[in-house]
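Novice: give me coordinates for this.
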Amino acid sequence: VAENAGVNAAVGTLSGTDPDGGATLTFSLPTATTDNATFNINGTSLRATGSLNFEAKSSYAVTVRVTDQGGLTLDKQFTISVTDANETPTDIVLANSSVAENAGANAVVGTLSGTDPDTGAILTFSLPLGADDNATFNINGTSLRAIGSLNFETNSPILMPAWPSAGPTGGAGVAAPPII
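Specialist: This is a model prediction of the structure:
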């Protein structure tokens with residue numbers, strides 16, 4: 001099942017066989033069994049009771065019980081794997097948020113870093129066009145740089161949101177409006 005699929009996300013469809021032809025089968029989850037509290041059954045659909053988080057737990061052991069019309073049962077354990085999803089970065093930090101007046105073109109203002117729930121995510125940073133004073137800056141790797149010399153008397157303070165994105169598919173950004 002996909003990570004963050006939501007409440008009652010379908011995990012799979014249950015089926016069973018009974019040597020008695022035409023048997024009516026019902027499915028249930030025995031209590032106090034491994035990870036069963038994390039799942040529920042609606043008819044023949046095994047569902048996740050809540051949204052699953054790959055970073056917290058990537059697989060679950062669930063025991064399903066099938067019961068026939070005569071009350072006879074069979075329990076079987078299944079392993080449910082959670083697939084990882086590229087999640088949105090959650091924070092951005094600008095270490096140092098000042099630059100000397102008239103420092104020149106491409107003067108480094110500070111270093112950008114971010115937080116992403118995905119372990120090992122590689123973040124890239126960009127400046128959204130048309131936002132605040134972004135046209136005054138550029139980013140090289142994780143360095144925020146002034147495009148030209150800044151003049152304290154005409155450019156103070158400057159508001160600049162940067163946006164991180166994670167991995168090759170990108171992702172939504174997280175605003176971080178440091179004042180420079």
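
Novice: okay, helices next: where are they in the chain?
Specialist: 152-155 (DSSP state H).

Novice: can you list the low-confidence ranges for it?
Specialist: Across the chain, the ranges flagged by pLDDT under 70 are 155-180.

Novice: apply 50 and report the result again.
Specialist: For the chain, the stretches flagged by pLDDT under 50 are 167-180.

Novice: residue ranges for the strands of it, please.
Specialist: Secondary structure of the chain (DSSP state E): strands at 9-13, 26-28, 39-42, 45-48, 59-67, 73-81, 91-95, 107-115, 123-126, 137-140, 143-146, 163-166.

Novice: now mean neighbour count and distance to V1 too, for those, in JSON lines please.
Specialist: Where C-beta positions appear, they are placed from N, C-alpha and C, glycine not excepted. Shown next, in JSON lines, are the strands of the chain (neighbours: other CB atoms under 10 Å; distance: least, CB to CB, whole Å):
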{"stretch": "strand 9-13", "mean neighbour count": "15", "distance to V1": "5"}
{"stretch": "strand 26-28", "mean neighbour count": "16", "distance to V1": "17"}
{"stretch": "strand 39-42", "mean neighbour count": "17", "distance to V1": "10"}
{"stretch": "strand 45-48", "mean neighbour count": "18", "distance to V1": "6"}
{"stretch": "strand 59-67", "mean neighbour count": "17", "distance to V1": "9"}
{"stretch": "strand 73-81", "mean neighbour count": "12", "distance to V1": "6"}
{"stretch": "strand 91-95", "mean neighbour count": "16", "distance to V1": "27"}
{"stretch": "strand 107-115", "mean neighbour count": "17", "distance to V1": "26"}
{"stretch": "strand 123-126", "mean neighbour count": "18", "distance to V1": "27"}
{"stretch": "strand 137-140", "mean neighbour count": "16", "distance to V1": "37"}
{"stretch": "strand 143-146", "mean neighbour count": "19", "distance to V1": "40"}
{"stretch": "strand 163-166", "mean neighbour count": "23", "distance to V1": "21"}
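
Novice: want to throw these into CSV with distance to E153?
Specialist: Shown next, in CSV, are the strands of the chain (distance: least, CB to CB, whole Å):
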stretch, distance to E153
strand 9-13, 57
strand 26-28, 74
strand 39-42, 64
strand 45-48, 59
strand 59-67, 61
strand 73-81, 61
strand 91-95, 23
strand 107-115, 17
strand 123-126, 29
strand 137-140, 19
strand 143-146, 15
strand 163-166, 30
